[in-house]
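Chemist: Here is my input; please provide its structure:
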Amino acid sequence: MKAVIVVGAGDLRIEDIAEPTAGPGQVRVAMEWGGICGSDLAYWKNGTSGTATLREPLVLGHEVSGHIDQLGGGVEDLVVGQPVTVHPATPVGNYTMPEQLKGRDNLWPEVRYFGSAAFVPHEQGGFSTYRVVRADQIRALPDGLTTRQGAVAEPLGVAMHAVRRAGDIEGKRILVNGAGPIGALVVAAAQHAGAAEVYAADLSDKALAVAKAMGADHIIDRSTGEDLPQDVDVAIDASGASRALGDIFLAVVRGGRVVQVGNLPAGEVPVALGQLVTREIEYVGSYRFIDEISDAVQAMSNGLDVEPLLTHTFDLDDALEAFKTADDRSTGSSKVMLKLS
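Modeler: Prediction:
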């Protein structure tokens, strides 16, 4: 079967690899769609993503969907032909979570994640013709939700988790800084959670147009020097640009909250923190999701529209061109989709 594999920095290949078979408690998914994420781009460009470094060839992809085409022994309540997406996380190791972290499986000390080089052997991703997964990783797609949309459940789950980390935002003014794919999904998730007004800020007019289509009430083009709004209740940074944080802290109402969902560099970064103290801002992190991928499936089924996000589509054989397009903001790309079959 075919797979999109990164071998090292700048070395992305389409290769034939062995076709897997579902074992007990597993299902095999015939993959149909995959969304290219920033971590996929990082492995391709740099051979690293965050603190994870490639040490062996890695099949990329954790935003995926398809149809079940094979059931392993003992699998019940799932059927061949069923459209699905996949929760890409597998907690491993014999740990006991402290009481204050009960239920927060995204903070489990050791998690293997589709398309991740964090551990050796690496956890292979889903940009391939087939992928075998545990039955409990399957999230069935309801009638009316396409597998193309279903592949967006994973990043939408990330966005929904970030919004939940903001607390109850119903009726509140929200600033989303960074209108890339996660930022645009945070806009939609904030609207879905009942925000009164959502502002989206970015340096790219094309990204802002996507954020507007995803539900932003106001867009702020920072490339023109346009100022951020004042006294928003919550700001969610999806840019990972540390230099922007000083302005974001200043935009939030005194005693408000800033959620960091955009990945910051692993090393030291310059950031103005003064307003964090004098305005007594709560600054919290947001990492992946718990089971908000299930909530994302339900939200899309109930009408949350992700189609404006899906700007480009490429066949699996054209994966390199797809990655170049996703990496070049001048193309107007937001979420670039791979057709895996």
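Chemist: So, low pLDDT: which residues of the stretch 151-300 of the chain?
Modeler: Across the stretch 151-300 of the chain, nothing is flagged by pLDDT under 70.
Chemist: ok, which stretches of it are strands?
Modeler: Using DSSP state E, counting those that start in this stretch, the strands of the stretch 151-300 of the chain run over residues 173-177, 197-202, 218-221, 232-237, 252-260, 282-285.
Chemist: just checking, what packs against the third one?
Modeler: Contacting strand 218-221 under the criterion 3 or more Cβ pairs under 8 Å, 6 or more residues apart in numbering; DSSP states H and E are the following elements: strand 197-202, helix 205-213. Every residue, glycine included, has its C-beta placed from N, CA and C.
Chemist: okay, it in PDB with CA atoms only?
Modeler: Extracted C-alpha coordinates of strand 218-221, given in PDB (Å, rounded to 0.1, in the frame of the first residue of the first chain):
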ATOM      1  CA  HIS A 218     -14.500  41.300  13.400                       C
ATOM      2  CA  ILE A 219     -11.200  40.800  11.700                       C
ATOM      3  CA  ILE A 220      -8.000  42.700  12.500                       C
ATOM      4  CA  ASP A 221      -5.300  43.000   9.900                       C
END
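Chemist: Could you pull out the buried residues of that strand?
Modeler: 219, 220 (16 or more other Cβ atoms under 10 Å).
Chemist: Show residues contacting it.
Modeler: 179, 197-203, 205, 208-209, 211-212, 226-229 (Cβ atoms under 8 Å, 6 or more residues apart in numbering).
Chemist: Can you select the buried ones from these in PyMOL?
Modeler: Buried subset of these, written as a PyMOL selection, criterion 16+ other Cβ under 10 Å:
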select buried, resi 179+197+198+199+200+201+202+203+208+209+211+212+228+229
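Chemist: Domains in this protein, by residue range?
Modeler: The chain breaks down by automatic domain parsing into domains covering 2-152+306-339, 156-285.
Chemist: Let me know which of those domains is the nearest to residue 294.
Modeler: Among those, domain 2-152+306-339 comes nearest to residue 294, with 5.7 Å by Cβ to Cβ.
Chemist: Much appreciated, bye for now.
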